[in-house]
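1. Provided below are the primary sequence and the corresponding predicted coordinates.
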Amino acid sequence: MSTYSKRILAGALSLALCLSPAALAAKTEEPPLVAAVEGLSPLLYEPDPAAGYHAALAELAGLGYSEQQAEQLWARLGERAMGLAPRLLDCLALENSRLDREARYLAYVQAHPEAETAEIVTQVNLDLDLTPYDDARPIDDPADPLVLVNKYHGLSETYVPELEKLGGRYGVGSMVPEAAAAFRAMADAAKQDGISLRSVSAYRSYQTQQGLYQHYVSIDGKANAERYSARPGYSEHQTGLALDINTASISAHFENTAEYAWLRANCARFGFLLRYPREKESITGYRYEPWHYRYVGQDIARTCMDRGLTYEEYLAAQTQPGENQAPALFWQGQALDLGDRVTRLSGVTYVDAAALAAALGWTGETGEDGVLRLSDGLHKIELPVGRRALLDGMLVRLSGPTVERSGGRCLPLSDLCPLLGVQATVTDQGVELAPRQAAL
């Protein structure tokens, strides 16, 4: 046996990459799944790991879904895709649908049977199917720099972020350090253009917001006051990520000033967005406030400002992971685009052997005998249908049977990696593949 084969087989015995949902979450290793053995007797019964997949795709095809749509639903739901109402399936097929809101999508469909699928998902993602304040939920991570605070997401009375004073030159108040630095940089850049920007209100405590809200209600009444003043715990100012610039009065007509024009053109460069734009009150819950800006970082701010999106609309449109989503694969730091050649079957990540091998520089073809043969010029892998492979002529038992899918022969990634001489490491981004290092 070649040194390469010995090394690969030794690595196979210690391979601990099952890539089940639990393993991905815990990032722990499991006992070896691949064993190199000789003289294996045929198994009398081999469960088909793709049985649920084929049944789901057949049922979805019967409902009129294309193969691509059925694959998307499989990636999002797995076998749960079977038996769901067609209108709900339509919603869950959209990449921005949230699986924890299935019941709400269905309720919206029942209340608005004429609504288009995209509208249903958008309205529910924006929480517009809920009653402001009454249906609000507490925020799990208030210190998240991308936290959403509005009439549906509230902060606790005791939450106080880490704060840094803006400094006298920049107006009154404090913000979280990153936002404070960004505002100072923005104000300095504006000054070079002859524009003066100063904070008139930045961080506000729960108690301060409570006093302001009660004051405005006493003047304008509850309904009118809530168009421009948040209830305590529901103000972005409590996050330390938002501020009012130069004014906080509608009568000042800040929207007609050179300062406002400069902000609209430049705020995103410094990570700020106009939080309550004109004609978006039905989404944000607040009337137009040309002076109120929120720090979210440059990328998100540019997207929102360039496309005229509120922060709620931006978040509602974000792609959401599916329950049965296969992990992204990387080769030495670079993403591998294998498309639908990677999938989850019976809780295990399966990969088209020829597709992954080709991405790593191997060649391959399936002979008339039905055996897939792969080679990198030095080593050869033979993959017949079943639970066995040959590595440089040495018999290797696979942890599960091969699966014929979309015209390709698929193996568990945990089996394929040692055959190809690579090691796999689970990361926050997916699975990083790299050449297996020789044993010392």
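-> Perfect, thanks for sending it.
2. And the helices in the stretch 251-400 of the chain?
-> Counting by DSSP state H, counting those that start in this stretch, one finds helices in the stretch 251-400 of the chain at the ranges 258-266, 281-284, 298-307, 311-316, 353-359.
3. between the third one and helix 258-266, how big is the angle?
-> In this case it means helix 298-307. Taking axes from the mean of the first three to the mean of the last three C-alpha atoms, to 10 degrees, one finds helix 298-307 and helix 258-266 inclined to each other by 110 degrees.
4. Which other helices and strands does helix 298-307 contact?
-> strand 272-276, helix 311-316 (3 or more C-beta pairs under 8 Å, 6 or more residues apart in numbering; DSSP states H and E). Quick note: C-beta positions are derived from backbone N, CA and C, even for glycine.
5. Could you look over the ones you listed and pick the most buried one?
-> Each of the helices and strands packed on helix 298-307 was scored by mean neighbour count; the highest is strand 272-276, a mean of 24, by mean count of other C-beta atoms under 10 Å.
6. Poorly predicted segments of this protein, please.
-> 1-46, 438-440 (pLDDT under 70).
7. Mind putting the helices and strands packed on helix 298-307 into CSV with distance to His54?
-> As requested, these are exported to CSV (distance: least, C-beta to C-beta, whole Å):
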stretch, distance to His54
strand 272-276, 47
helix 311-316, 34
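8. Looking at the ones you listed, which is nearest to Arg302?
-> Taking C-beta to C-beta as the criterion, strand 272-276 is the member of the helices and strands packed on helix 298-307 that comes nearest to Arg302, at 8.7 Å.
9. Strand partners (parallel or antiparallel) of that closest one?
-> Neighbouring strands of strand 272-276 in its sheet, by DSSP bridges, are strand 289-295 (antiparallel).
10. dump the residue contacts of the residue positioned nearest the centre of the chain.
-> Nearest to the mean C-alpha position of the chain, counting by C-alpha atoms, centre = their mean, stands Gln320 at 4.8 Å. Listed by C-beta atoms under 8 Å, 6 or more residues apart in numbering, the contact partners of Gln320 are 95-99.
11. next one: Leu243
-> Listed by C-beta under 8 Å, 6+ apart, the contact set of Leu243 reads 173, 175, 183, 199, 201-202, 237, 292-293.
12. Pull the host helix or strand of it out as CSV, backbone CA atoms only.
-> Per DSSP states H and E: Leu243 is located in strand 242-245. Taking C-alpha atoms only, strand 242-245 is exported to CSV below (Å, rounded to 0.1, in the frame of the first residue of the first chain):
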residue,chain,number,x,y,z
ALA,A,242,-29.2,57.0,17.5
LEU,A,243,-29.2,60.8,17.7
ASP,A,244,-31.1,63.9,16.6
ILE,A,245,-28.9,66.3,14.6
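13. What pairs with it, parallel or antiparallel?
-> Strand pairing (DSSP bridges) places strand 242-245 next to strand 199-201 (antiparallel), strand 289-295 (antiparallel).
14. Out of those strands, which is closest to Trp74?
-> Closest approach to Trp74 among the strands paired with strand 242-245 is made by strand 289-295 (37.9 Å; C-beta to C-beta).
15. Pull out the buried positions in the closest one.
-> The neighbour-count check on strand 289-295 (16 or more other C-beta atoms under 10 Å) flags 289-295 as buried.
16. Same check on stretch 192-210?
-> In stretch 192-210, counting by 16+ other C-beta under 10 Å, buried: 195, 197-199, 201-206, 209-210.
17. Inside strands: which ones of these?
-> Using DSSP state E, the members of these that fall within strands are 199, 201.
18. Could you dump the buried residues of stretch 192-210 into JSON lines with distance to Leu398 added?
-> Shown next, in JSON lines, are the buried residues of stretch 192-210 (distance: C-beta to C-beta, whole Å):
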{"residue": "Ile195", "distance to Leu398": "67"}
{"residue": "Leu197", "distance to Leu398": "64"}
{"residue": "Arg198", "distance to Leu398": "68"}
{"residue": "Ser199", "distance to Leu398": "64"}
{"residue": "Ser201", "distance to Leu398": "64"}
{"residue": "Ala202", "distance to Leu398": "61"}
{"residue": "Tyr203", "distance to Leu398": "59"}
{"residue": "Arg204", "distance to Leu398": "61"}
{"residue": "Ser205", "distance to Leu398": "61"}
{"residue": "Tyr206", "distance to Leu398": "59"}
{"residue": "Gln209", "distance to Leu398": "61"}
{"residue": "Gln210", "distance to Leu398": "64"}
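19. which SSE is the closest residue to Leu106 other than its chain neighbours in?
-> The shortest distance from Leu106 to any residue that is not its chain neighbour, by C-beta to C-beta, 6 or more residues apart in numbering, is 5.1 Å, and that residue is Leu88. Counting by DSSP H and E, the secondary-structure element that holds Leu88 is helix 86-93.
20. Just the residues contacting that helix, thanks.
-> Helix 86-93 is contacted from outside by 60, 63, 65, 69, 72-73, 76-77, 81, 84, 97, 99, 102, 105-106, 109, 117, 120-121, using C-beta under 8 Å, 6+ apart.
21. Sitting in helices, which of these do you find?
-> In helices, judged by DSSP state H, the following of the contacts of helix 86-93 are found: 60, 69, 72-73, 76-77, 102, 105-106, 109, 117, 120-121.
22. Show the buried residues in the residues you listed.
-> For these, a neighbour count by 16+ other C-beta under 10 Å gives the buried set as 60, 69, 72-73, 76-77, 102, 105-106, 109, 117, 120-121.
23. Break this protein down into its structural domains.
-> For the chain, the domain assignment from automatic domain parsing gives the residue ranges 3-49+346-435, 52-125, 137-316.
24. Can you lay out the ones you listed as a markdown table showing distance to Ala335?
-> As requested, those are exported to a markdown table (distance: least, C-beta to C-beta, whole Å):
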| stretch | distance to Ala335 |
| --- | --- |
| domain 3-49+346-435 | 8 |
| domain 52-125 | 17 |
| domain 137-316 | 18 |
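25. which one of those lies closest to Asp337?
-> Taking C-beta to C-beta as the measure, those were each checked against Asp337, and domain 3-49+346-435 came out nearest at 8.3 Å.
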